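Q: Sequence and predicted structure below; questions after.
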Amino acid sequence: MEPITNSDELKNAIQILEFDQQIRELELKEQVYLTVESLKPVNLIKSTLHEAASSPYLIDNVLGATVSLASGYVSRKLVVGGSHNIIRKLFGAILQFGVTNVVAQRSDQIKSIAEFIYKRFLRKKEMNSENL
């Protein structure tokens with residue numbers, strides 16, 4: 001910045017600085033408003049859910065949990081069926097718990113086996129039916 005030599009230049013410099021101050025004040029007010037809005041409980045919950053939903057690991061975890069719970073439920077239903085026997089129901093509940101835990105712990109291995117089966121067998125059937 002050049003040195004100020006007369007009163008007109010001084011007035012001009014003061015106006016520029018005042019204008020700059022007004023702009024910074026508006027920017028600060030806007031930032032405070034955005035901060036207050038982001039800290040509201042509703043917005044915190046929305047942002048957390050958005051982050052969770054956009055996470056690729058969440059989809060895999062939900063899918064794995066769903067498969068493990070479903071496999072446990074199906075195994076219990078296969079053992080217990082419509083029986084009213086208490087011992088059979090107890091064994092079915094224990095089996096459901098065990099199957100659910102095993103499938104949840106080994107979901108990556110089960111997924112890779114399922115992909116292999118799909119690629120190996122089901123894809124061949126699709127290709128053979130397309131060739132006919």
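A: Arrived safely, thanks for sending. Residues are numbered from 1 along each chain as shown.

Q: quick one: what helix or strand has D20 in it?
A: For D20, the host element (DSSP states H and E) is helix 7-38.

Q: to the chain's geometric centre, what's the distance from the following helix or strand past that helix?
A: Scanning forward in sequence from helix 7-38 by DSSP H and E, the next helix or strand is helix 41-54. Mean-position distance between helix 41-54 and its chain equals 10 Å (Cα atoms, centre = their mean, to the nearest Å).

Q: Show me what the helix holding D20 is packed up against.
A: helix 41-54 (3 or more Cβ pairs under 8 Å, 6 or more residues apart in numbering; DSSP states H and E). All C-beta atoms are positioned from the backbone trio N, CA, C, and that covers glycine.

Q: Quick one: low-confidence residue ranges for this protein.
A: 1, 123-132 (pLDDT under 70).

Q: Swap in 90 and give it another go.
A: Low-confidence segments of the chain (pLDDT under 90): 1-5, 38-39, 41-69, 71-72, 75-76, 78-85, 88-89, 92, 102-132.

Q: okay, now S68: neighbour count?
A: Applying other Cβ atoms under 10 Å, we find 20 residues neighbouring S68.

Q: helix or strand right after the host helix or strand of it?
A: Using DSSP H and E, S68 maps to helix 56-80. Remark: after helix 56-80, the chain's next helix or strand is helix 86-105, criterion DSSP H and E.

Q: buried ones in that next one?
A: Across helix 86-105, burial judged by 16 or more other Cβ atoms under 10 Å covers G92, L95, Q96, V99, T100, V103, A104.

Q: With respect to K40, which of those is nearest?
A: A104 (36.2 Å; Cβ to Cβ).

Q: quick one: contacts for the closest one?
A: Taking Cβ atoms under 8 Å, 6 or more residues apart in numbering, we find A104 in contact with G64, A65, S68.
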